[in-house]
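Q: Mind folding the following:
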Amino acid sequence: MADRSAVDTIRGYFYQFDLTILSILKLTSLDESVEIECTEDIDIRTATDVTATQCKYYAKTEYNHSVIKDAIKYMLSHFKETLVGTKQKMFYSIYGHYAYGQEKLDVEIDIDFLKKHFLTYTKDKVTYHHHQDLQLSDADLEEFLKRLSINIRAVDFDTQFREVIDILKSIFNTKSFSAEYFYYNNALAVIRELSIAATQTNRSISKGDFLKRINTSSILFNEWFVDKKGKKTHFSALRNEYFSEVNISPFERFFLVEIGVASYARYELKNLLFELSRKWSKLSKREPSPFCPYIYVQGVSDSELLALKNELSSEGFKVIDGHDFHGAEFNCQSIMLKATHGNGIQLKILNTLQNVRDTIDTITKTRRIYQFHIGPSFFEYDKPAVQHVKIQIQQLSDIESII
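A: Below is the predicted model of the structure:
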């Protein structure tokens, strides 16, 4: 029961996050903004007005008036402050999804209904009337109702999420995978960052700034996104999108991987090199266009990299690194030597990022770069002819789960 309750709570958070993203994307002007967790869950600010929205997601719960009573009381208290001039005037919105019971609100909400079902409450066996406590007249309540909208038939979790993805696809002219793994993933990270900001000013963002911040070229390892998808599903989707070729084409593939210095183990990196060579090489005698991948390791010292290459060589695993003899300068033509069954080259190791850039620039065949970064992206290469995939990971072992 506790596990199911936790899942429902998490879905509630994501439902609110998705509604916030949707609210931003639906703003008509790039200058209009949304404030998160200010007056209510979401404050939508346009050129003419502000709407405070309270979001509720109870997919397994019956609707009852008591569920939204506290929200309406709070909104009315805020409304009273606008009347005396201590708060800005705004509109109020309650947006919720419930399993059933919505017909209980299929009536016109007039003053009497408002008083009876939302403003009257009992505490310690004493009945209170919130509107009387606030000293509000019927005319005040009438004005409040004009500013209040209630939607308890909001769409379900999956329908709202699909709408978010569809709008992102339209705005960025992209496919479903990119809409979810780039833009939606980044959007979740931005919303989470805003929601925990200390000041109200820092919890506000315009549509224009939001679109700029989510338009990045790296698939971030956002814990909220991964928790929602599940780590296994997350890795599987990345594998299907980028690493599921049945017949591997003889492209020049560059794998740029970052190690976590604190958790580095040579055997783990060696296993990854073996796997990259095994999966992304074709070196049989009958192969008309043999090839093997290039590898660059970010975060490993020169001495450790040399020790690793010596160890691979002693085990009969042949690598080249573009240096023909001791003391020789890096030579692109040397590292570009075709790997064949005859010469036994199984992997090409690049020692520096400049070596990586020079080699990519020199090659004229189809090139693909796969960068796996733990921290920020460490290599930029943005030329239309070269596909550059940037995937953030938590640890080196994640790469094998993806490829």
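
Q: Would you state the strands of the stretch 51-200 of the chain in chain order?
A: 91-100, 120-123, 126-129, 148-151 (DSSP state E, counting those that start in this stretch).

Q: and the ones you listed as TSV, adding mean neighbour count, distance to residue 31 and mean pLDDT?
A: All C-beta spots, glycine's among them, are computed from the backbone N, C-alpha and C. As requested, those are exported to TSV (neighbours: other Cβ atoms under 10 Å; distance: least, Cβ to Cβ, whole Å; pLDDT from 0 to 100):
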stretch	mean neighbour count	distance to residue 31	mean pLDDT
strand 91-100	19	19	95
strand 120-123	11	41	93
strand 126-129	10	42	94
strand 148-151	16	24	96
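
Q: Which of these sits closest to residue 204?
A: Closest approach to residue 204 among the strands of the stretch 51-200 of the chain (Cβ to Cβ): strand 91-100, 17.3 Å.

Q: now what about the closest one, what contacts it?
A: Applying Cβ atoms under 8 Å, 6 or more residues apart in numbering, the contact partners of strand 91-100 are 15, 19, 40, 49-63, 67-68, 71-72, 75, 78-79, 144, 147-157.

Q: Which among those count as buried?
A: Buried members of these, counted by 16 or more other Cβ atoms under 10 Å: 15, 19, 40, 50-58, 61, 63, 67-68, 71-72, 75, 78-79, 144, 147-148, 150, 152, 154.

Q: Surely residue 343 is in contact with residue 320?
A: No - Residue 343 is beyond contact range of residue 320, at 9.1 Å (criterion: Cβ atoms under 8 Å).

Q: okay, and the common contacts of the two?
A: With Cβ under 8 Å, 6+ apart as the test, residue 343 and residue 320 both reach residue 337.

Q: The two: who's more crowded?
A: residue 320 (19 against 13; other Cβ atoms under 10 Å).

Q: thought residue 296 was touching residue 350?
A: Yes - using Cβ under 8 Å, residue 296 is in contact with residue 350, at 4.4 Å.

Q: Save the strands of the stretch 51-200 of the chain as a markdown table, and put in distance to residue 191 too.
A: Output for those, formatted as a markdown table (distance: least, Cβ to Cβ, whole Å):
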| stretch | distance to residue 191 |
| --- | --- |
| strand 91-100 | 16 |
| strand 120-123 | 33 |
| strand 126-129 | 36 |
| strand 148-151 | 21 |
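
Q: Quick one, which of the ones you listed gets closest to residue 230.
A: Minimum separation from residue 230 across those (Cβ to Cβ) falls at strand 91-100, 22.7 Å.

Q: list the contacts for the residue lying closest to residue 186 once chain neighbours are set aside?
A: Leaving aside its chain neighbours, residue 186 sits nearest to residue 214 (4.0 Å; criterion: Cβ to Cβ, 6 or more residues apart in numbering). Shown in contact with residue 214 (Cβ under 8 Å, 6+ apart): 182-183, 186-187, 190.

Q: from those, which is closest to residue 274?
A: Within the contacts of residue 214, the smallest distance to residue 274 is 30.6 Å, found for residue 182 (Cβ to Cβ).

Q: and the gap between residue 58 and residue 101?
A: As judged by Cβ to Cβ, to the nearest Å, residue 58 and residue 101 stand 10 Å apart.

Q: Tell me which residues touch the nearest residue to residue 64 once chain neighbours are set aside, please.
A: Closest residue to residue 64 apart from its sequence neighbours, by Cβ to Cβ, 6+ apart: residue 101 at 6.5 Å. Residues near residue 101 by Cβ under 8 Å, 6+ apart: 62-64.

Q: now residue 382
A: So residue 382 contacts 217, 388 (Cβ under 8 Å, 6+ apart).

Q: Excluding covalently adjacent residues, which one is nearest to residue 141?
A: Excluding the flanking residues, the one nearest residue 141 by Cβ to Cβ, 6+ apart is residue 111, at 5.1 Å.

Q: okay, that neighbour: pLDDT?
A: Per-residue pLDDT puts residue 111 at 96.

Q: picking up where we left off before, against residue 25, how distant is the residue nearest to residue 186?
A: 10 Å.

Q: for residue 276, same thing?
A: Distance check for residue 276 against residue 25: by Cβ to Cβ, it reads 39 Å.

Q: circling back: identify the contacts common to residue 296 and residue 350.
A: What both residue 296 and residue 350 touch, as defined by Cβ under 8 Å, 6+ apart, is the set 254, 356.

Q: Quick one: residues contacting residue 47.
A: So residue 47 contacts 29, 31-32 (Cβ under 8 Å, 6+ apart).

Q: Kindly recompute the last result at 7 Å.
A: 29, 32 (Cβ atoms under 7 Å, 6 or more residues apart in numbering).

Q: That one should be in a helix, yeah?
A: No - per DSSP: H, G, I helix; E, B strand; the rest coil, residue 47 lies outside any helix segment and is coil.

Q: Look at it and report its pLDDT.
A: Predicted confidence (pLDDT) for residue 47: 79.
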